[in-house]
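**Q** Kindly generate the corresponding structure for this input.
(one chain, ligands or ions: 1)
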Amino acid sequence: MISDTPQEAAFRQKARDFLAQHAPAHTATASPAAADTTQASHTAQAEVAHMDACRAWQRTLYDNGWAGLTWPREFGGQGGPAWQQIIFNEELAHYGTSAGFLGSTIGMVGPALMAHGTPDQQQRHLPPLLRGDIVWCQLFSEPEAGSDLANLRTQAVLDGDEWVVNGQKVWNSSAHLSDWGILLVRTAPDAPKHKGITFLLVDMKTPGIEPRPLRQITGAAHFNEVFLNDVRIPKENVVGAVNGGWAPARTVLANESMVIGGSSARFDSCANLIALAQKHSQNTLPRIRQGLAQCYIREKLLTWMGNRVQQDIRQGRRPSVDGSALKVFWSESRRDKGQLAVSILGAKSVATAAREAIVVAPATEADAVAPPDTEADEEIALWQTEMLNRFWASIGGGTDEVHRNNMAERALGLPRDLRVDKDKPWRETSRGM
Ligand SMILES: Cc1cc2nc3c(=O)[nH]c(=O)nc-3n(C[C@H](O)[C@H](O)[C@H](O)COP(=O)(O)OP(=O)(O)OC[C@H]3O[C@@H](n4cnc5c(N)ncnc54)[C@H](O)[C@@H]3O)c2cc1C
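**A** Residues are numbered from 1 along each chain as shown. Below you'll find the model as predicted:
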């Protein structure tokens, strides 16, 4: 446990006072479950209501001077040191309140605009982003460009004062609910793949943009395919240099894995699983006990690694634990917890899953049974969703394998992967056009 300096303790008390007054009213609606982008609601109305609740919590933070604690004051932030955000997050975790997806995008779009945007872009976009007035989505991944993002093929051609964009994106979280997007496009197909990409800001209402939600195994439709047909984007919406979009993209990606690795959701707590095992009289079974012990050990290790990183940040040092190590350890722990929950619930969870599937996509009218309505059913449905969803954290924000490559190179000093296409013109590479 890190002890506070007197200055930190005074700040913590202020945060506690604010949260005690404001957070409980938001806990039920803007729950943290969607902060990890996985537990989204099953109906379109519920998704919109959830997003509105996230906006409301962000607005409460902003109006009371708790949004953007480390952001410069000129962009609506508080200009404070990094330790203030750490302490505030620690206190907030007691309430389980969050701005959900909205909070994640603020943490990704904000730093990229601050580092690479023009003064006009910063003045126009940063304050409404921080207030939660405008929701942003990330239009990066494509069917053949995920881990190898620099292989993207959505094309933009300059026509007068506008870029004309054509192509397809995929896995774009909440794009169907977003007002603006950050978009990566290929503008120089003859340059090496990292050197022909441009970063654009796009109003999602521009003609030619069509988000198509993708329904997941959980029943939620959190992701989209986004089709772009002759979408015209003003040339002043370029962030950074034309063909220099990889730099702001890297800023977004670095912040994305921090946002994901640092998210705190109720399923992160091993105490929930212990309570579940006790409630269902599974806590005496050796197999379950071993699983719970593993879960407890991993949770403790994760906390200690997190504490080390926070200590480093508070004292202005470079974090001594590699970010990729933290992210992989966390995603593995999370996956194991989902698995253990279902072992505890046994056959009941499978029966509920089958019913959930019928409720979400009834094959016939007779199949359209009522959704779970008892408290017990809801509890099982929550854990079932977590189990079905348990791999998201191993993929979003960089897959576990890609983070293991990072660890091999950065932490262990092993040679880099061979990258034969690195310096070739993108058009000539096997997947070029
Ligand atoms: C919850 C969530 C939210 C997301 N939100 C967004 C979003 O808002 N916007 C957006 O643009 N994208 C989003 N994504 C997409 C995400 O960025 C990609 O899924 C991710 O980059 C992986 O790409 P891919 O799915 O194409 O898999 P691939 O890159 O095709 O990988 C397939 C498999 O190959 C492995 N692999 C790939 N390269 C290597 C390598 N060099 N070494 C070893 N193994 C390798 C991977 O680990 C994986 O197991 C989201 C994903 C998730 C899960």
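
**Q** Let me know the pLDDT of Asp377.
**A** Listed pLDDT for Asp377 reads 73.

**Q** What of Asp421?
**A** 84.

**Q** For it, grab phi and psi.
**A** phi -90, psi 0 (degrees, to the nearest 10).

**Q** Skipping adjacent residues, who's closest to whichever residue of the stretch 101-250 of the chain sits closest to the ligand in space?
**A** Closest approach between the stretch 101-250 of the chain and the ligand, counting by C-beta to the nearest ligand atom: Gly146, at 1.9 Å. C-beta here means a position set from N, CA and C on the backbone, and glycine is covered the same way. Distances taken as C-beta to C-beta, 6 or more residues apart in numbering place Trp171 nearest to Gly146, at 7.5 Å, with adjacent residues excluded.

**Q** check contacts around the one you found.
**A** Trp171 makes contacts with Ser141, Gly146, Leu214, Phe223, Asn224, as judged by C-beta atoms under 8 Å, 6 or more residues apart in numbering.

**Q** Next: Trp71.
**A** Here Trp71 is in contact with Gly77, Gln78, Gly79, Gly110, Met114, Leu126, Leu130 (C-beta under 8 Å, 6+ apart).

**Q** Just the element for Ala254, please.
**A** helix 246-261 (DSSP states H and E).

**Q** go on, Ile86?
**A** With DSSP H and E as criterion, Ile86 is part of helix 82-92.

**Q** Kindly format the C-alpha coordinates of that helix as PDB.
**A** This file holds the C-alpha atoms of helix 82-92, laid out as PDB (Å, rounded to 0.1, in the frame of the first residue of the first chain):
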ATOM      1  CA  ALA A  82      -0.600  12.600 -12.800                       C
ATOM      2  CA  TRP A  83      -0.900  11.500  -9.200                       C
ATOM      3  CA  GLN A  84      -4.200  13.400  -8.900                       C
ATOM      4  CA  GLN A  85      -5.800  11.300 -11.600                       C
ATOM      5  CA  ILE A  86      -4.500   8.100  -9.900                       C
ATOM      6  CA  ILE A  87      -5.900   9.100  -6.500                       C
ATOM      7  CA  PHE A  88      -9.200  10.100  -8.100                       C
ATOM      8  CA  ASN A  89      -9.500   6.800  -9.900                       C
ATOM      9  CA  GLU A  90      -8.800   4.800  -6.700                       C
ATOM     10  CA  GLU A  91     -11.600   6.600  -5.000                       C
ATOM     11  CA  LEU A  92     -14.000   6.300  -7.900                       C
END
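
**Q** Tell me how far that helix lies from the chain's centre.
**A** When distances are taken as C-alpha atoms, centre = their mean, to the nearest Å, helix 82-92 is centred 19 Å away from the chain's centroid.

**Q** And stretch 103-122, by the same measure?
**A** The mean C-alpha position of stretch 103-122 is separated from the chain mean by 16 Å, C-alpha atoms, centre = their mean.

**Q** Any buried residues in that stretch, and which?
**A** The neighbour-count check on stretch 103-122 (16 or more other C-beta atoms under 10 Å) flags 103-113, 116-117, 121-122 as buried.

**Q** One more: stretch 295-307?
**A** Buried, per 16+ other C-beta under 10 Å, within stretch 295-307: Cys295, Arg298, Glu299, Leu302, Met305, Gly306.

**Q** low pLDDT regions in the stretch 51-200 of the chain?
**A** Judged against pLDDT under 70, the stretch 51-200 of the chain has no low-scoring part.

**Q** Get me the contact residues on it for the ligand.
**A** Cys137, Gln138, Phe140, Ser141, Gly146, Ser147, Trp171, Asn172, Ser173 (C-beta under 6 Å from any ligand atom).

**Q** what do you get if the cut-off is 8 Å, keeping everything else the same?
**A** With the criterion set to C-beta under 8 Å from any ligand atom, the stretch 51-200 of the chain comes near the ligand through 137-149, 169-175.

**Q** ditto for the stretch 301-433 of the chain
**A** So the stretch 301-433 of the chain meets the ligand at 391-393, 395-402, 404-405, 417 (C-beta under 8 Å from any ligand atom).

**Q** list the helices and strands the longest helix anywhere in the chain packs on?
**A** For the chain, the helix with the greatest residue count under DSSP state H is helix 286-314. Helix 286-314 is packed against helix 82-92, helix 270-279, helix 323-345, with contacts defined by 3 or more C-beta pairs under 8 Å, 6 or more residues apart in numbering; DSSP states H and E.

**Q** Hmm, Asp322 is touching Asn406, no?
**A** Yes - when contacts are counted by C-beta atoms under 8 Å, Asp322 is listed as touching Asn406 (7.4 Å).

**Q** Spit out the residues that contact these two alike.
**A** By C-beta under 8 Å, 6+ apart, no residue touches both Asp322 and Asn406.

**Q** State which strand of this protein is the longest.
**A** The longest strand of the chain (DSSP state E) is strand 223-234.

**Q** tell me which residues in that strand are buried?
**A** Buried, per 16+ other C-beta under 10 Å, within strand 223-234: Phe223, Asn224, Glu225, Val226, Phe227, Leu228, Val231, Ile233.

**Q** out of those residues, which touch the ligand?
**A** Phe223.

**Q** Adding distance to Phe88 and pLDDT, write the buried residues of strand 223-234 out as CSV.
**A** Below are these laid out as CSV (distance: C-beta to C-beta, whole Å; pLDDT from 0 to 100):
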residue, distance to Phe88, pLDDT
Phe223, 30, 89
Asn224, 32, 96
Glu225, 36, 97
Val226, 34, 98
Phe227, 40, 98
Leu228, 38, 98
Val231, 38, 98
Ile233, 36, 98
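
**Q** Start and end of stretch 150-161, how far apart?
**A** 25 Å (C-alpha to C-alpha, to the nearest Å).

**Q** My error: substitute stretch 123-139 in the last question.
**A** 22 Å.

**Q** same question, stretch 189-198
**A** 11 Å.

**Q** Go ahead and name everything in contact with that stretch.
**A** 150-152, 155-156, 163, 184-188, 238, 242-246, 249, 421-427, 429, 432-433.

**Q** One more: stretch 339-350?
**A** Against stretch 339-350 from outside (C-beta under 8 Å, 6+ apart): 273, 276-277, 280, 282, 287-288, 291-292, 295, 380, 383-384, 386-387, 390.
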